[in-house]
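Peer 1: here you go, sequence then predicted model.
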Amino acid sequence: MSDAPLWTALSDPHRRAIVALLLERPRPVGEIAEACGLSQPGTSKHLRVLREAGLVRVRQDAQRRVYALDPAPIAELDAWLAPYRTLWNTGLDTLGRRLDEAPDDTKAPSSKD
């Protein structure tokens, strides 16, 4: 995956917070700004970056702009991460087996001792 705008968009903690909010439901700019503790112009700038990366889409609702998450780029990112997730899970499984095989005297004492 070489989609630099997607990675750039997700590198900012405010934009990740916006994505998390939009995961719940579509929201107007003012609501996003209030929930994130940002100014409306600052929120609009972050939303522009997310829109240009393809992560969000916008629709006009009377005088408001309502933003919604576009799941396609997230699915692409998830597919790219899948082999790494497998690697991570394999390592955790190995650690779990080793801990299960550890002698009882190496385990932490209970609070009753």
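Peer 2: That came through, no problem. Because the structure is predicted, anything quoted here is derived from the model rather than measured. Residues are numbered from 1 along each chain as shown.
Peer 1: for the longest helix along the chain, packing partners?
Peer 2: Longest among the helix segments of the chain by residue count, using DSSP state H, is helix 71-101. In this structure, helix 71-101 makes packing contacts with helix 4-10, judged by 3 or more C-beta pairs under 8 Å, 6 or more residues apart in numbering; DSSP states H and E. Placement of C-beta: from N, CA and C, glycine included.
Peer 1: tell me which helix or strand comes right after the helix it packs on.
Peer 2: The helix or strand immediately downstream of helix 4-10 is helix 13-24, counting by DSSP states H and E.
Peer 1: got the CA coordinates for that next one in CSV?
Peer 2: Below are the C-alpha coordinates for helix 13-24, written out as CSV (Å, rounded to 0.1, in the frame of the first residue of the first chain):
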residue,chain,number,x,y,z
PRO,A,13,-4.3,12.5,16.5
HIS,A,14,-7.1,15.1,15.9
ARG,A,15,-7.9,13.4,12.6
ARG,A,16,-7.9,10.0,14.2
ALA,A,17,-10.3,11.4,16.9
ILE,A,18,-12.6,12.7,14.1
VAL,A,19,-12.5,9.3,12.4
ALA,A,20,-13.4,7.6,15.7
LEU,A,21,-16.4,10.0,16.1
LEU,A,22,-17.6,9.3,12.6
LEU,A,23,-17.4,5.6,13.2
GLU,A,24,-20.4,6.1,15.5
